[in-house]
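**Q** Predicted coordinates and the sequence they were generated for:
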Amino acid sequence: NITQTSNKELAVELGVDRSLISLLRSGKRGVPKNVKRMARVFAERSTADFQRYALSDMLGILALRSALPVQEVADYLEKWLLEDRDMVRDVEKGVLDLKDIPEAPALQEIPDPVVIPEGQATFYFGDEGRREVLLKIMQQVRQAQKPCTLLMVVDDNMEWLLSDYALTKRIQTELLELAHSGVRFCQIVPPMNYVNRYTESLQFWLPLYATGNLETYYYPRLRGNLYRHSVYVLSGQCAQFNASIGSGGVSDVTMFTREKVLVDVFERQFRAHLSMCRPAMAVYRSLAECVGKVSGFLANRTDTVQMINTLSLNSMPVQLLEQFISQSRGQEERTAILESIRDRMPEFEARLEERTCIDMCRVAPVREILAGEVSVGAHSDSLHYTPRAYILHLENILRLMEKYDRYIFVPLRDRNPLEYNLMANEEGMALIVRSTPPRIMLEVRRSELVVAFRENMLHRADTLGYDGIHRERICMELRSLIQELKKAAKERL
């Protein structure tokens, strides 16, 4: 148990009576009005690495490391607390009362790396050296003539990168910018020895997967886990090589070179390695291919979980499906998937008697709904909800929740639309669907990777809360939204 905060101490910090804290802990009172101050208190008492690890696991987000400023941690906690769950008790159980821990230092501006002359190889040590080499690689890719491809063997837990929050966000942003500028990526992923470790790094790579510019492969045979290594090669330009003991948490030595002979050697080794690998994902771009894969996923009879940008087609009422089918005449593929869902609706509801379906869906703000900006389905550029249609869909979700205990709806309150939609089931199928044009769908073909995707989403659902009192709260929120939409629609008449 890593908490030492008493009711009295927390009451003093918040300026409230100690009895209120007792009610909060017991779940008899909701989150108080001074939640911002509460979040700040918890953040100030959570500056050590192991505390940030605990919070990362609890919040279900990219690791919160000690370099992240206290106020940013407080912002995450405030948003989490406002979910109105038994979070006060959860946070109190996950925060040590260590008053002697200083506040994390302010982030320093990361300088651009110095260009290494051609024909020279340099060596760097530890995680700091590894991060410095990564910046050199990124600089070389930025300066390279486009299009080009960065070859990557990522055979480690990425702790050396994720432990530096500022650098993590910088590299993630730069990778996306490079993908949009014409850079492609070819990645060989490590064996799935530790699902939890891979799930964490998955959050880093997901946005790049969704661009469709990252080809991912895996080695299908068993291999030892004693040594880990990573290789980055930009053909004819530069290469990086790192090796370490698999169980170690620190990079030992990293080499960076622009020596053409060495770069060519590492590229040949990469391509030899690649020839023994299999694709971890398949990319689909045509509507027909995407429709077929989504139809297959929705027809599956095992437990499913999805995290999508709009309300699920699975939970749409039949009369609304008929309406959208009518509006889709002339668009054969879209009509086909809607008709398929309509025809399988009785089968879907029968499955809910035995199988669990978790729909984590972004619930659009009223403004977007009234403006007709909310798309129908995970990727639709022509069908949009009217306020009346959205109300009908929400009412059907309530009906399903009241009738079937195994139907779980978890509202996502992201202000901005999600960049991608995720779907996974127990049968070993997972899909990544890009939310914005151009249309891109990735099918995850590696069974262990599907497990990682499922675990990632299930962890998110557990963090948000969906059973017991949380289920009741979700139903109340949906009813409130329905009333708000009806009132707004009436005022517009």
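**A** Alright, I've got the coordinates.

**Q** and stretch 449-461, how far from the chain's centre?
**A** Remark: stretch 449-461 is offset 9 Å from the chain centroid, using CA atoms, centre = their mean, to the nearest Å.

**Q** Buried residues of that stretch, list them for me.
**A** Neighbour-count burial for stretch 449-461, counted by 16 or more other CB atoms under 10 Å, picks out 449-458, 460-461. (Glycine included, C-beta is placed from N, CA and C.)

**Q** Same question for stretch 222-241.
**A** 228, 230-235, 237-241.

**Q** if we can go back for a sec, put together a markdown table for the buried residues of stretch 449-461, with secondary structure and distance to residue 75 on each row.
**A** What follows is these, written out as a markdown table (DSSP: H, G, I helix; E, B strand; the rest coil; distance: CB to CB, whole Å):
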| residue | secondary structure | distance to residue 75 |
| --- | --- | --- |
| 449 | helix | 31 |
| 450 | helix | 33 |
| 451 | helix | 32 |
| 452 | helix | 28 |
| 453 | helix | 27 |
| 454 | helix | 29 |
| 455 | helix | 26 |
| 456 | helix | 22 |
| 457 | helix | 23 |
| 458 | helix | 25 |
| 460 | helix | 18 |
| 461 | helix | 22 |
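
**Q** Return the member of these nearest to residue 149.
**A** residue 449 (21.6 Å; CB to CB).

**Q** Quick check: that closest one touching residue 278?
**A** No. Between residue 449 and residue 278 there is no contact under CB atoms under 8 Å: 11.5 Å.

**Q** Next, show the common contact partners of these two.
**A** By CB atoms under 8 Å, 6 or more residues apart in numbering, residue 449 and residue 278 have these common neighbours: residue 218.

**Q** now the stretch 1-150 of the chain, which segments are flagged as low pLDDT?
**A** Along the stretch 1-150 of the chain, segments meeting pLDDT under 70 span 1-6, 25-33, 47-68, 83-119.

**Q** all strands for it, in order.
**A** 121-125, 148-154 (DSSP state E, counting those that start in this stretch).

**Q** Strand partners (parallel or antiparallel) of the last one?
**A** Looking at strand 148-154 with DSSP bridges, its partner strands are strand 183-189 (parallel), strand 227-234 (antiparallel).

**Q** what's the average pLDDT for stretch 222-233?
**A** Stretch 222-233 carries an average pLDDT of 80.

**Q** hmm, who's touching that stretch?
**A** 134, 137, 150-156, 190-191, 193, 239-247, 263, 266-267, 269-270.

**Q** Any of those buried? List them.
**A** 134, 137, 150-156, 190-191, 239-244, 263, 266-267, 269-270.

**Q** from what I can see residue 358 touches residue 401, true?
**A** No. In this structure, residue 358 is not within contact of residue 401 by CB under 8 Å, at 11.8 Å.

**Q** Which neighbours do these two have in common?
**A** Contact with both residue 358 and residue 401 is made by residues residue 408, according to CB under 8 Å, 6+ apart.

**Q** any weak-confidence spans in the stretch 301-450 of the chain?
**A** In the stretch 301-450 of the chain (pLDDT under 70), the answer is 378-381.

**Q** re earlier: can you put the strands of the stretch 1-150 of the chain in CSV and add distance to residue 41?
**A** CSV is the format used below for those (distance: least, CB to CB, whole Å):
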stretch, distance to residue 41
strand 121-125, 39
strand 148-154, 38
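
**Q** do you know which of those lies nearest residue 20?
**A** Minimum separation from residue 20 across the strands of the stretch 1-150 of the chain (CB to CB) falls at strand 148-154, 48.5 Å.

**Q** Send me that closest one as CSV with only the CA atoms.
**A** Extracted C-alpha coordinates of strand 148-154, given in CSV (Å, rounded to 0.1, in the frame of the first residue of the first chain):
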residue,chain,number,x,y,z
CYS,A,148,12.3,7.7,-48.6
THR,A,149,11.9,4.8,-46.1
LEU,A,150,13.2,4.5,-42.6
LEU,A,151,14.0,0.8,-41.7
MET,A,152,13.5,0.0,-38.0
VAL,A,153,14.0,-3.1,-35.8
VAL,A,154,12.4,-2.1,-32.5
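
**Q** Identify all contacting residues around that strand.
**A** Contact partners of strand 148-154, identified using CB under 8 Å, 6+ apart, comprise 137, 141, 178, 182-190, 201, 229-235, 267, 270, 273.

**Q** now stretch 479-493
**A** 363, 366, 369-370, 387-388, 390-391, 394-395, 398.

**Q** Would you mark the buried spots in that stretch?
**A** Neighbour counts using 16+ other CB under 10 Å place 481-482, 485, 489 of stretch 479-493 among the buried residues.

**Q** Format those residues as JSON lines; extra columns: secondary structure and pLDDT.
**A** What follows is these, written out as JSON lines (DSSP: H, G, I helix; E, B strand; the rest coil; pLDDT from 0 to 100):
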{"residue": "481", "secondary structure": "helix", "pLDDT": "95"}
{"residue": "482", "secondary structure": "helix", "pLDDT": "95"}
{"residue": "485", "secondary structure": "helix", "pLDDT": "94"}
{"residue": "489", "secondary structure": "helix", "pLDDT": "82"}
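
**Q** which one of those sits closest to residue 326?
**A** Here the nearest of the buried residues of stretch 479-493 to residue 326, counting by CB to CB, is residue 489; it sits at 21.4 Å.

**Q** Report how many residues lie close to residue 185.
**A** Applying other CB atoms under 10 Å, we find 20 residues neighbouring residue 185.

**Q** and the residue lying closest to it once chain neighbours are set aside, how far is that from residue 444?
**A** The shortest distance from residue 185 to any non-neighbouring residue, by CB to CB, 6 or more residues apart in numbering, is to residue 214 (4.4 Å). Using CB to CB, to the nearest Å, residue 214 is found at 13 Å from residue 444.

**Q** Which one of these two is surrounded by more residues?
**A** Neighbours were counted for residue 214 and for residue 444 using other CB under 10 Å; residue 444 has more, 24 against 21.

**Q** Quick check: beta-bridge partners of that one?
**A** With DSSP bridges as the rule, residue 444 is bridged to residue 281, residue 430.

**Q** which residues touch it?
**A** The neighbours of residue 444, taking CB under 8 Å, 6+ apart as the test, are 280-281, 424, 429-432, 450, 453.
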